[in-house]
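Visitor: I'll drop the sequence and a predicted model, then ask my questions.
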Amino acid sequence: MRRSHPFFIQYHVRQAASAVGPEPRREGFATVIVFAESAEQARARAGRAAADNRLEIVRLLRIHLVSPQALNGLGSVLRTLHEKAERLGFGLHFDPCPITGQCQDDQRSDR
């Protein structure tokens, strides 16, 4: 049996049209921690988590395997996502960009 590992994945996303009705769709950043056996499996699971949260992926920003040493240095948001992932298989957080501005992929940093 293969072992699952936590992966940190961040996407530039936009709300699905069905999620907002006639209002403008917001863009933002989805940060996902998911347990998987490989990076490919992690991306597939994170993509399903985004879709389940009515988010469309614009592009992948980054993916990292979370090492045991890195777990100790996680900030509060990422620690909460990791705890959710331990219980549910994934944790997702959506950070919308300001309505007045455009999302810039390089303005988002790891927490």
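Guide: Everything's here; your move.

Visitor: Beyond the helix or strand of the chain with the lowest mean pLDDT, next helix or strand please.
Guide: Within the chain, confidence by mean pLDDT, DSSP states H and E is lowest for helix 17-20 among all helices and strands, at a mean of 67. Heading C-terminal from helix 17-20, the first helix or strand you meet, by DSSP states H and E, is strand 27-36.

Visitor: just checking, what packs against that next one?
Guide: When contacts are defined as 3 or more Cβ pairs under 8 Å, 6 or more residues apart in numbering; DSSP states H and E, strand 27-36 sits against strand 5-15, helix 39-52, strand 55-65, helix 76-88, strand 90-96. Quick note: C-beta positions are derived from backbone N, CA and C, even for glycine.

Visitor: Leaving out chain neighbours, which residue sits closest to residue 37?
Guide: The shortest distance from residue 37 to any non-neighbouring residue, by Cβ to Cβ, 6 or more residues apart in numbering, is to residue 2 (4.5 Å).

Visitor: so how far is residue 38 from the one you found?
Guide: According to Cβ to Cβ, to the nearest Å, residue 2 stands 8 Å off from residue 38.

Visitor: who has more neighbours, the two?
Guide: More crowded of residue 2 and residue 38, by other Cβ atoms under 10 Å: residue 38, with 13 against 8.

Visitor: Compute the first-to-last residue distance for stretch 29-49.
Guide: The first residue of stretch 29-49 is 13 Å away from its last residue (Cα to Cα, to the nearest Å).

Visitor: In contact with residue 71, which residues?
Guide: Residue 71 makes contact with 6, 82, according to Cβ atoms under 8 Å, 6 or more residues apart in numbering.

Visitor: Revised request: answer the last question for residue 84.
Guide: If you count contacts by Cβ under 8 Å, 6+ apart, residue 84 has them with 33, 90, 91.

Visitor: Please repeat the previous calculation with a cut-off of 10 Å.
Guide: Residue 84 sits next to 32, 33, 34, 90, 91, 92, 93 when contact means Cβ atoms under 10 Å, 6 or more residues apart in numbering.

Visitor: If you rank those residues by neighbours, which is first?
Guide: residue 34 (29 neighbours).

Visitor: gap between the closest residue to it other than its chain neighbours and residue 70?
Guide: Once flanking residues are discounted, residue 34 sits nearest to residue 90: 4.2 Å by Cβ to Cβ, 6+ apart. From residue 90 across to residue 70, the span is 18 Å (Cβ to Cβ).
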